[in-house]
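# A structural model of the following input is requested.
(chains A and B)
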Amino acid sequence: MIDFGLFREIFQSLNKNKLRTILSGFTVAFAIMLFTILFGIANGFQNAFENEFAGDANNSIFIYSGRTSKAVEGYQTGRRIQFDNELYQTISEEFNQDIEFITARVYKNVTASFANEKSNYTVRAVNPDHQFIEKSEIKEGRFINSLDIKNNTKNIVIGNLVVEDLFPNTNPVGKYLDLDKIKFKIVGVFVERSEGSDSNEARIIYMPISTAQKIYGNNDYIDQINLTYNKSLSEQEAIAFGNNIVDRIKDIFFVADNDQSAVRARNRARENQEITQFNAILAILVLIIGMGTLVAGVVGISNIMIFIVKERTKEIGIRKALGAPPNSIIILIILESIFVTAISGYFGLLLGGTLLNSFDLRDYWIYDPGVSSSLVIAATITLVIAGAIAGYIPAKRAASIKPIVALRDE
Amino acid sequence: MGESSLHVLKGINLNVEKGEMVAIMGSSGSGKSTLLNIIGILDELDSGEYTLDGIEIKDLNEKKAAQYRNKFLGFVFQSFNLINFKNALENVALPLYYQGLKRKERQEKAMFHLEKVGLSDWSTHLPNELSGGQKQRVAIARALAAEPKLLLADEPTGALDSGTSQEIMQFLQQLNDEGKTILIVTHEEDISLMCKRIVRLKDGVIMEDKKIKQNRLK
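Purely as a prediction, here's the structure:
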């Protein structure tokens, strides 16, 4: 049966000794608040790190070409490596197993005009898969599809900022846009999903790669190959996979194995690995500081409990003289301590959470800071137990001194 | 508190009957407080025996001692020893809480005893809102609340002016008239004369033990 009388006693003692209650409550609330803020900020850091690369699929590999820097098999240095459709075919077939999406890219700078508006943009001619690699979100209409590729259609998909520039008050889908005097039909509008990315991405104009190759140079050249690897690959496997592709391309173009500039790849797996390591270090750091905060809280609450028991020695003597058994004294003090720590721990959690949410820290690389409630509850329980232990030792001593000694305490 | 043994009481043979009102006199260091503490089970005796209401008080653990204090003894202290964050009624009800009484019963009983000391109008006041005499009366009500066999008063008038002292002593006499056994430790001659029997202690032994004609207060 619950002893309501005991709780009434505790509540009265807390209520009538407000300074004492606030003092011990403040220590715990402050420790938990610091703990919450600290872990929240650390989580915010991690989120920011993940967000930074959210513009691209996090399993992407971008492959670029350049000029050779090593002479090999009779070829001189400085030879320009030019990707083409055949290479694209080869790569997509040979590495089919581990490729999720793949696209080629051709770049072209154009002047676009609609009615009286005119501006310069970058055309990015791509395959349909590109949408999933860059994480472009279609707002209106559709993306480039395989029919566009097959028929070399003059269809384009434009970014939302192009719409803002050229079509302030009209729906652009279905309209025709002049790109360097050639008319293209707008079939879709996209927005960039990543928040951190610059506005340039939203000023891109997408075009079927086959159309671009035909119009701009009438060749089958490719500037870049972008792909995403199967998500089932581990970071190690993905790094090896990227290296294999680069090695294969080097073979095809007779490039020295150790030539760093002719064929290059930007592999997200590598960055992911760095992020993982960074996060691990951050986690350890936060753990150390978090534990430090908790230890400080534990020391604080212990000190206060010792002080409280000292202050209550006379009261304990009176209670004992009136017939309070020693256990009731210990329970009274410990339950009071548990009650205060639990309530103020919760208060500290709320305070920390509110503080975290009330400032926009995006400029400081902290995104969406937050703490799992189970972690904070664990921290609070730690403090509650610490408070109970810290209260138990002096309470036990106080309960065992002779009432006459306790009564003499002034 | 050192552990060195100091013989404060050196052989005391004292028998107090039911309904007596005894003053224990002596200068400071005579052992009168120690005697009171042993009688009050606030302290333990080293040798000898102490029988309270037919029960031998010996080698009690803390829990048992607390139980006996609660059941048999009521204390009145020189410095009142009220709990300062509890009001008069709650102070009086505290020993009843440790008796395990229900809240309603506790409050009724406490109120009854507050009425008895004439402070029912002051039941919700905190100790620091009461005068010295009122505090001591609350303390007496608290001592009586558990209906003890024996009321122990340690210099009950020590912190009070003479007028208030008279008032308190008169009330104690009245209680004694109703059959309560009362033991008062004091060093004031006039207080001792208001009791029915005076026991004088000096250096831990009884110098004198005599019944007197009580100085009645009216």
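
# what residue lies at the spatial centre of chain B?
What sits nearest the mean C-alpha location of chain B, by Cα atoms, centre = their mean, is B:L152, with 2.1 Å.

# tell me the secondary structure for that residue?
Using DSSP: H, G, I helix; E, B strand; the rest coil, the structure places B:L152 in strand.

# That one and A:G217: what is the separation?
Using Cβ to Cβ, to the nearest Å, we find B:L152 at a distance of 113 Å from A:G217. The C-beta positions use only the backbone N, C-alpha and C, and glycine is treated the same way.

# All the strands of the stretch 1-150 of chain A, residue numbers only.
A:60-65, A:83-84, A:99-114, A:117-126, A:136-141 (DSSP state E, counting those that start in this stretch).

# B:D53 contacts B:F72, correct?
Yes - under the criterion of Cβ atoms under 8 Å, B:D53 makes contact with B:F72 at 6.0 Å.

# which parts of chain A sit against chain B?
A:4-5, A:8-9, A:12-13, A:16-17, A:314-315, A:317-328, A:399-400, A:402-405, A:407 (Cβ under 8 Å from any Cβ of the partner chain).

# just to revisit the earlier point, look at B:D53 and B:F72 and report which has more neighbours.
The neighbour comparison of B:D53 against B:F72 (other Cβ atoms under 10 Å in any protein chain shown) goes to B:F72, with 19 against 13.

# For the more buried one, which non-adjacent residue is closest in space?
Of all residues not flanking B:F72 in the chain, B:K149 sits nearest, at 4.8 Å (Cβ to Cβ, 6 or more residues apart in numbering or on different chains).

# Read off the pLDDT value for A:E195.
Confidence at A:E195, expressed as pLDDT, is 51.

# between B:D53 and B:F72, what contacts are shared?
B:K149, B:L150 (Cβ atoms under 8 Å, 6 or more residues apart in numbering or on different chains).

# ok, and the closest non-adjacent residue to the residue of chain B found nearest chain A?
Here the residue of chain B nearest chain A is B:N70; by Cβ to the nearest Cβ that distance is 2.4 Å. Distances taken as Cβ to Cβ, 6+ apart place A:G323 nearest to B:N70, at 2.4 Å, with adjacent residues excluded.

# again, but for B:D161
Per Cβ to Cβ, 6+ apart, closest to B:D161 is B:G132, 7.7 Å.

# Which positions in the lowest-mean-pLDDT helix or strand in chain A come out as buried?
Ranking every helix and strand in chain A by mean pLDDT, DSSP states H and E puts helix A:403-408 at the bottom, with a mean of 72. For helix A:403-408, a neighbour-count test (16 or more other Cβ atoms under 10 Å in any protein chain shown) marks A:P403, A:I404, A:A406, A:L407 as buried.

# Which one of the residues you listed is nearest to chain B?
A:I404 (4.1 Å).

# Read off the pLDDT value for B:A93.
Per-residue pLDDT puts B:A93 at 92.

# To clarify, my last question referred to A:F4.
69.

# SS state for A:N357?
helix.

# residues contacting it?
By Cβ under 8 Å, 6+ apart, the contact list for A:N357 reads A:P369.

# Quick check: residues of chain B near chain A?
Residues of chain B lying near chain A (Cβ under 8 Å from any Cβ): B:1, B:37, B:40, B:42-43, B:62-63, B:66-67, B:69-71, B:75, B:77, B:81-83, B:85-86, B:90, B:94-95, B:97-99, B:103, B:142, B:146.
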